[in-house]
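> For reference, the sequence and a predicted model appear below.
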Amino acid sequence: MHNVLLIAKREYLERIRTKAFIVATILIPTLMAGGIFSMAYIADKSKSTSHITIVSSQEPLATDLQNELEHGKDSNMVVDVVAPSPEIRSTLDAELREKSREEGIDGYLWITPATSADPTARPTFDYTARSSADILTHDTIKDSLRTVLLREQLASRGMAAGRIDSLMAPVVVNTIDAGGQHGSSRNSFYVAYVFFLLMYMVVLLYGMNVARSIIEEKNSRIFEVLLSTIRSEEILAGKIIGVGGVGLTQVVVWMVAAFVVTATPLVAHVAGSAAAVSISAAQAIFFIVYFVLGFVLYSSVAAALGAMTNSEQELQQLNMLLMMPLFFCILMLPLVISNPNSPVARLVSLIPFCTPLLMNFRVSLSMPQPWEIALSFILMIATIYAVLWVASRIYRVGILMYGKRATLPELLRWLRYS
Amino acid sequence: MPIVELQHVRKVYDTKVAVADLSFKIEPGSMFGLLGPNGSGKTSTIRMMIGITVPDSGTVTLFGQPFTRTSLTRVGYLPEERGLYKKMKVMDQLIFLGQLHGLDATTASKRAHIWCEKMEITEAALKKTEELSKGMQQKIQFIAALLHEPALIIMDEPFSGLDPVNAVLLMDTLVDLRNQGRTILFSTHRMDQVEKLCDNICLIHNGHLVLSGAMREIKSRYPANRVALNFEGDASFLNHAFIESAKNYGGRAEIKLRDGADAQELLANAVTKARITRFEVMEPTLEEIFIEKVTAEYGEVNTGSTVDA
């Protein structure tokens, strides 16, 4: 144990003193938080500000639509209304073609009145846009038209304006989690998503760190010196503990910072109430626990990969083995987001290689049953034990093998060496 | 009680026999040479002695007991492949390696300073290892192997890559250590380098023992039938009937005499033809003995074979 600690201490100190560690510890959460908050902020503030022209012979419909587009809940457009004339279309087309976006219009909406005598028949709407990819304006016009037409229909059936307003008022849905607390689904989604990305990053980063440091030691041939006093299992354990300790330090710093920042009203103050995010202590603690388990699992695999290869390039080729389960988690993410407690979500989050990402994601979204969490721990620990058994054998033989990369039959033979 | 004893040790890697049935003893306080060409199984043998690998069959005894890992704190090992942490400061590195060998940090630091002074690398002690020259790194590794004052010192190719000044410094240090009663095991393919150092040797080839015993005794087994001769003038005396083979390097000849031939007669013959500036009758060198033995047993010496695993 003394030797394991010595190795771990050396690994820990060597890494924690690097500038890269300090930069990553500070910069990554800053960038992440910045990205997420600005995403939330933009989503909240994004309204179409396009300048369009409505060409219509129906005065009330056109002005109602103009009103809705200029002062509606989700739009802030500039709208001109003109009456149709034979030459107006070519004038507008020319404007779209020749003038820049700043001085000209973004598009025009041509309203052709319904020809049938049926009172429910709708006019035809043709929107000619400067950019057909301007989905935001397109959707805003569509939504506003629906509102305007609905109002018109209701009014034509003799409903008073006041009643129409109350009928059309937006609905507020309060999200309350199972614990009876007021939450916001947007909020927990952001938290879960950030945690997912962070977990993905740190598990992969520190797993690869283990592999890389093994290759480095292999190339510097330090192993022979180490092995002349201590056992390969002690080196492996020390390395995983040391590198993991660095990762843990980083993660704890991040979690404490996240908890402190989100617990104070600072963020809400800066980014507006819509972007307020709160992280509970439970979420942070689960993140740390799943990070530790996930790191040990992935770094054991990485240790075996490192011992099998001789250079970074060779390692790159085997990286896939490490990344595949993580990619699988990303593929499964939509399923878990839409229904965190569906049977599929439950199943995939219990796969030990996915647990750190997906179970933790579910924890952040809506707390799974205690037995699920307990089972995920048991499965992960059992898998870690099995993977470590294999990895330590590959490691023991691999670190003294220089030259060509090991083939699969060779690996199987290594497992049998005693 | 021998410090190290190998009995019928055998190690096979996949299909390659690295060591085939090797037995030898190393007596305390002696300097022992494990000699052989590249790929003859020297490093494999050493790795089995210190438990990096386990022999397929046969036994290894260290300090009179069957091999245990605890006895490794009494062994200092300088591997053939030099290895140090590149980014670590020299002093930190020495202390770390000392601690791994069971020293506490204070003792390790104290001894590291003394050794750095002795090896003339004090100014390098606070630098990072990667900033140092190869020879410097080698000295550091050398210190790392000796810091815990081991009773048995194992040096795998200790002089490779060292300039003559440093090689002599290293050799003198090793002789000092031997005089202090430590046991030293050398492994090298440069037989000429250790000839004057070793008390006992073991010559191996392709994992087989070719020759072993006390250096003096082995040498005395072979007659002094080599002549080194420097001359000016006619070289025709080199065709004398006494001479089995001769190499002439433009005035410096290395001659092997036939059995029973008298060197004096050769000298008498030579002075009539050329002007002799040096005439020395010698024992064969270790290298010559090795080549002779191996050629006799295996036909041809196959040096430079596969990996030195």
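Sure thing, it's come through.

> quick check: longest helix of the chain.
You didn't say which chain, so I picked chain A. helix A:185-219 (DSSP state H).

> ah, I was thinking of chain B
Longest helix in chain B, counting by DSSP H: helix B:164-179.

> And the longest helix of chain A, what's buried?
Neighbour counts using 16 or more other CB atoms under 10 Å in any protein chain shown place A:186-188, A:190-200, A:202-204, A:206-211, A:213-215, A:217-218 of helix A:185-219 among the buried residues. For every residue, glycine as well, the C-beta is placed using N, CA and C.

> residues contacting the residue located most distally from the centre of chain B?
Within chain B, the residue lying farthest from the chain centre (CA atoms, centre = their mean) is B:Thr272, at 42.1 Å. The neighbours of B:Thr272, taking CB atoms under 8 Å, 6 or more residues apart in numbering or on different chains as the test, are B:Phe237.

> For it, what is the enclosing helix or strand?
helix B:263-273 (DSSP states H and E).

> can you check B:Asp21 too?
strand B:16-26.

> Direction included, what does that strand pair up with?
strand B:4-13 (antiparallel) (DSSP bridges).

> Now do the buried residues in the partner strand.
Those would be B:Val4, B:Glu5, B:Leu6, B:Val9, B:Arg10, B:Lys11, for strand B:4-13 by 16+ other CB under 10 Å.

> Rounded mean pLDDT for stretch B:96-111, please.
The pLDDT scores in stretch B:96-111 average 90.

> sorry, that was for stretch A:392-401
Rounded mean pLDDT across stretch A:392-401 is 81.

> Please apply the same query to stretch A:356-371.
86.

> how distant is that stretch from the center of its chain?
How far stretch A:356-371 lies from its chain's middle: 16 Å, per CA atoms, centre = their mean, to the nearest Å.

> Let me see the residues that make contact with it.
A:177-179, A:188-189, A:191-192, A:195-196, A:199-200, A:203, A:282-283, A:286-287, A:290-291, A:293-294, A:297, A:326, A:329, A:332-333, A:336-337, A:340-341, A:345-346, A:348-351, A:372-373, A:376, A:380.

> Would you mark the buried spots in that stretch?
A:356-368.

> Tell me the one of the residues you listed nearest B:Arg221?
Among these, A:Pro356 lies closest to B:Arg221 (CB to CB), at 69.5 Å.

> what about the nearest residue to B:Pro79 once chain neighbours are set aside, how many residues close to it?
Once flanking residues are discounted, B:Pro79 sits nearest to A:Glu224: 3.8 Å by CB to CB, 6 or more residues apart in numbering or on different chains. Per other CB atoms under 10 Å in any protein chain shown, the neighbour tally for A:Glu224 reads 22.

> So A:Glu224 versus B:Ile95, what's the distance?
19 Å (CB to CB, to the nearest Å).

> ditto for B:Gly250
Distance from B:Gly250 to B:Ile95, by CB to CB: 54 Å.

> for A:Lys218, same thing?
23 Å.

> again with A:Leu326
In terms of CB to CB, A:Leu326 sits 39 Å off from B:Ile95.

> How about the contacts made by B:Ala145?
A:Val225, B:Gly76, B:Tyr77, B:Leu78, B:Ile153, B:Ile154, B:Met155.

> out of B:Gly250 and B:Ile95, which sits in the more crowded spot?
Neighbours around B:Gly250 and B:Ile95, counted as other CB under 10 Å, are more numerous at B:Ile95. The numbers are 24 against 6.

> list the contacts for that one?
B:Ile95 neighbours (CB under 8 Å, 6+ apart): B:Ala105, B:Ala108, B:Ser109, B:Ala112.

> Ramachandran coordinates for it?
Main-chain torsions, B:Ile95, degrees, to the nearest 10: phi -70, psi -40.

> Tell me the pLDDT of the nearest residue to B:Ala228 once chain neighbours are set aside.
Leaving aside its chain neighbours, B:Ala228 sits nearest to B:Glu280 (4.6 Å; criterion: CB to CB, 6+ apart). We have a pLDDT of 88 for B:Glu280.

> how much space between B:Glu280 and A:Tyr193?
On the measure of CB to CB, B:Glu280 and A:Tyr193 end up 86 Å apart.

> B:Val194 now?
67 Å.

> what's the answer for A:Asn76, then?
Distance from A:Asn76 to A:Tyr193, by CB to CB: 28 Å.

> Run a quick neighbour tally on residue 68.
I went with chain A, as the question did not name one. 23.

> That was the other one, I meant chain B.
For B:Thr68, using other CB under 10 Å, the count is 10.

> phi, psi of it?
Per degrees, to the nearest 10, the backbone of B:Thr68 is at phi -130, psi 150.

> which ones are touching B:Phe275?
One thing to correct before we go on: residue B:275 is Arg, not Phe. B:Phe231, B:Glu232, B:Gly233.

> And the residue in the stretch 101-250 of chain B that chain A sits nearest to, its phi and psi?
Residue nearest to chain A within the stretch 101-250 of chain B: B:His101 (5.5 Å; CB to the nearest CB). Dihedral pair for B:His101: phi -90, psi 10, per degrees, to the nearest 10.

> now B:Ile243
phi -90, psi 120.

> quick one: it from B:Asn225, how far?
Taking CB to CB as the measure, B:Ile243 falls 10 Å from B:Asn225.

> intersection of neighbour lists for the two?
B:Lys256, B:Leu257, B:Arg258, B:Ala261.

> Which members of those occur in helices, if any?
Reading helices off these, I find no matches (DSSP H).

> Give me the neighbour count for A:Val81.
16.

> pLDDT wise, what is it at?
At A:Val81, pLDDT is 85.

> do the same with A:Pro325
89.

> is chain B contacted by whatever helix or strand it lives in?
Assigned by DSSP H and E, A:Pro325 falls within helix A:312-338. No: using CB under 8 Å from any CB of the partner chain, helix A:312-338 stays clear of chain B, coming no nearer than 14.8 Å.

> Sort out which residues of that helix are buried, please.
In helix A:312-338, counting by 16+ other CB under 10 Å, buried: A:Leu315, A:Leu318, A:Leu322, A:Pro325, A:Leu326, A:Phe328, A:Cys329, A:Met332, A:Leu333, A:Val336, A:Ile337.

> Nearest to B:Phe290 among those?
Checking those against B:Phe290 with CB to CB, the nearest one is A:Leu315 at 42.2 Å.

> The closest one is in contact with A:Ile214, isn't it?
No: the criterion here is CB atoms under 8 Å, and A:Leu315 misses it with A:Ile214 at 9.3 Å.

> Please identify every residue contacting each of those two.
Listed as contacting both A:Leu315 and A:Ile214 by CB under 8 Å, 6+ apart are A:Gly306.

> Show me the chain divided up by domain.
Went with chain A since none was named. A:2-42+A:182-416, A:47-172 (automatic domain parsing).

> Can you look at chain B instead?
Taken from automatic domain parsing, chain B resolves into B:4-219, B:223-282.

> With respect to burial, which of the ones you listed scores highest?
domain B:4-219 (a mean of 19; mean count of other CB atoms under 10 Å in any protein chain shown).

> picking up where we left off before, distance to B:Gly58 and pLDDT for the buried residues of strand B:4-13 - can I get that in JSON lines?
Shown next, in JSON lines, are the buried residues of strand B:4-13 (distance: CB to CB, whole Å; pLDDT from 0 to 100):
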{"residue": "B:Val4", "distance to B:Gly58": "13", "pLDDT": "89"}
{"residue": "B:Glu5", "distance to B:Gly58": "11", "pLDDT": "90"}
{"residue": "B:Leu6", "distance to B:Gly58": "7", "pLDDT": "89"}
{"residue": "B:Val9", "distance to B:Gly58": "4", "pLDDT": "90"}
{"residue": "B:Arg10", "distance to B:Gly58": "5", "pLDDT": "89"}
{"residue": "B:Lys11", "distance to B:Gly58": "9", "pLDDT": "87"}
